[in-house]
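Participant: any chance you can model this:
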Amino acid sequence: MIVDRVADQQNFVDDQYRDSSNLTARIRLHKLFSTNGYGWHRWVFDHLTDLPGEARILELGCGRSDLWVENIDRIPPDWRITLSDLSPGMIEKAGSNLEGSEVPFDYEVIDAQSIPYPEATFDCVVANHMLYHVPDRAKGIAEIHRVLKPGGLLFAAANGHGNMGELWDIVNTPVRAEFDRVANHFRLEDGERELREVFQEVAVDRYPDALHVTDAEPVIDYINSLGRKMNDRQASEIRRCVQDRIDCDGKFVIWKASGILTARK
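Facilitator: Sure thing, here's the model as predicted:
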């Protein structure tokens, strides 16, 4: 039921995004061991470079504002950017990370299911790995469509089938179930189908990458950041499995399947 999912969403936000610590642990694993040296946030920003010089942009679920921090020197001076998140703690972190920037940002706590702006306000909406958190996603997508100008673009990042499968193969069932319950609600493949129900054009662009892990501890931190923390026995077992792969092959290889859905109104 939608009501249950709304309660789940608030509980999830309270648990996961009260502050930036869990998100930081997840980002750290990718920063330490990603093989694609170009960088995820730089690649995501590349998709925004054809926007108008005076574009009005809304990011939903901005998190720590990494997209903008890592591309601060690439932002056109006349863009008007609103960063939003459902978590006040994340908005506070986003603002502190961009403090001192010459680029003006607006910050708001926004629920994607009820965006407090008139129709046709934005040239672009960015939703970077966040649509799977939205309880009534059809309503959220409809709201995004509503606030976009005609011809406006949604950039929705998501994972695809099999993302980080090598990791989940060694993760015990309770922890994996907790992750699957959230992240698999909106993937590149089914997300494309959902967006096509509302948007005129939808395209998928995939980011080639893998993790070559040479230290087990960031893996443990990553898994523990997902919500259901492992007990000592579970953590020791996964640590041993990862270390065995590292000792045998010099690295534990985890293939990633991530990308962006670009939808035009």
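Participant: show me what counts as buried in whichever strand or helix holds residue 90.
Facilitator: Per DSSP states H and E, residue 90 falls inside helix 88-97. For helix 88-97, a neighbour-count test (16 or more other C-beta atoms under 10 Å) marks 90, 91, 93, 94, 97 as buried. Placement of C-beta: from N, CA and C, glycine included.
Participant: what of stretch 135-142?
Facilitator: The neighbour-count check on stretch 135-142 (16+ other C-beta under 10 Å) flags 135, 136, 137, 140, 141 as buried.
Participant: strands - which of the residues you listed land there?
Facilitator: Taking DSSP state E, every one of the buried residues of stretch 135-142 sits outside strands.
Participant: all the strands of the stretch 101-250 of the chain, residue numbers only.
Facilitator: Using DSSP state E, counting those that start in this stretch, the strands of the stretch 101-250 of the chain run over 105-109, 122-128, 148-159, 201-207, 210-213.
Participant: most packed of the ones you listed?
Facilitator: Among the strands of the stretch 101-250 of the chain, strand 122-128 has the highest mean neighbour count (mean count of other C-beta atoms under 10 Å), at a mean of 23.
Participant: format the CA atom coordinates belonging to that strand as PDB.
Facilitator: C-alpha atoms of strand 122-128 as PDB (Å, rounded to 0.1, in the frame of the first residue of the first chain):
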ATOM      1  CA  PHE A 122      12.300  24.200 -14.800                       C
ATOM      2  CA  ASP A 123      14.400  23.500 -17.800                       C
ATOM      3  CA  CYS A 124      15.900  20.500 -16.100                       C
ATOM      4  CA  VAL A 125      15.300  18.200 -13.200                       C
ATOM      5  CA  VAL A 126      18.100  16.000 -11.800                       C
ATOM      6  CA  ALA A 127      17.300  12.800  -9.800                       C
ATOM      7  CA  ASN A 128      20.600  11.100  -9.100                       C
END
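Participant: so which residues of this protein form helices?
Facilitator: All helices of the chain, identified by DSSP state H, fall at 2-16, 21-33, 40-46, 66-69, 88-97, 137-147, 165-168, 173-183, 188-196, 217-224, 232-249.
Participant: which stretches of the stretch 101-250 of the chain have low pLDDT?
Facilitator: Across the stretch 101-250 of the chain, the ranges flagged by pLDDT under 70 are 172-184, 227-228.
Participant: let's see 50
Facilitator: Low-confidence regions of the stretch 101-250 of the chain, defined by pLDDT under 50, are absent; no residue qualifies.
Participant: out of the strands of the stretch 101-250 of the chain, nearest to residue 31?
Facilitator: strand 210-213 (10.2 Å; C-beta to C-beta).
Participant: if we can go back for a sec, helices and strands around the helix holding residue 90, which ones?
Facilitator: Contacts defined by 3 or more C-beta pairs under 8 Å, 6 or more residues apart in numbering; DSSP states H and E place helix 88-97 against strand 80-85, strand 105-109.
Participant: and residue 217, which of the ones you listed is closest to it?
Facilitator: Using C-beta to C-beta, the helices and strands packed on helix 88-97 put strand 80-85 closest to residue 217, at 28.2 Å.
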